[in-house]
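K.L.:
Got a predicted model here, sequence first, then my questions.
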Amino acid sequence: MVVMSIEAYERKLFKDEVHFKLKEAELEAKSTDKRYTHEEVFSKLRSSLDDDRA
């Protein structure tokens, strides 16, 4: 049995999620030639965040 603080557990979950998302992006990049510019990515991200606030 392993015991850790909730903070340590949350950090581990976050790191695992980041790792999973990076692997997912890597697989997507290998499966397509489509690439996005910085502006395209951050524009969509900002729009998504603005929609969540509305």
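P.N.:
Perfect, I can see it now.

K.L.:
can you count the residues close to residue 10?
P.N.:
Close neighbours of residue 10, defined as other Cβ atoms under 10 Å, add up to 11. For every residue, glycine as well, the C-beta is placed using N, CA and C.

K.L.:
Name the secondary structure element that contains it.
P.N.:
In the assignment (DSSP states H and E), residue 10 maps to helix 6-31.

K.L.:
what do you get for residue 49?
P.N.:
For residue 49, the element it lies in under DSSP H and E is helix 38-53.

K.L.:
Output the contacting helices and strands for that helix.
P.N.:
Contact partners of helix 38-53 among helices and strands, from 3 or more Cβ pairs under 8 Å, 6 or more residues apart in numbering; DSSP states H and E: none.

K.L.:
thinking again about what came up before, measure how far the helix holding residue 10 is from the centre of its chain, please.
P.N.:
7 Å (Cα atoms, centre = their mean, to the nearest Å).

K.L.:
if we can go back for a sec, could you check how far the helix holding residue 49 is from the centre of its chain?
P.N.:
In terms of Cα atoms, centre = their mean, the centre of helix 38-53 is found 14 Å from the chain centre.
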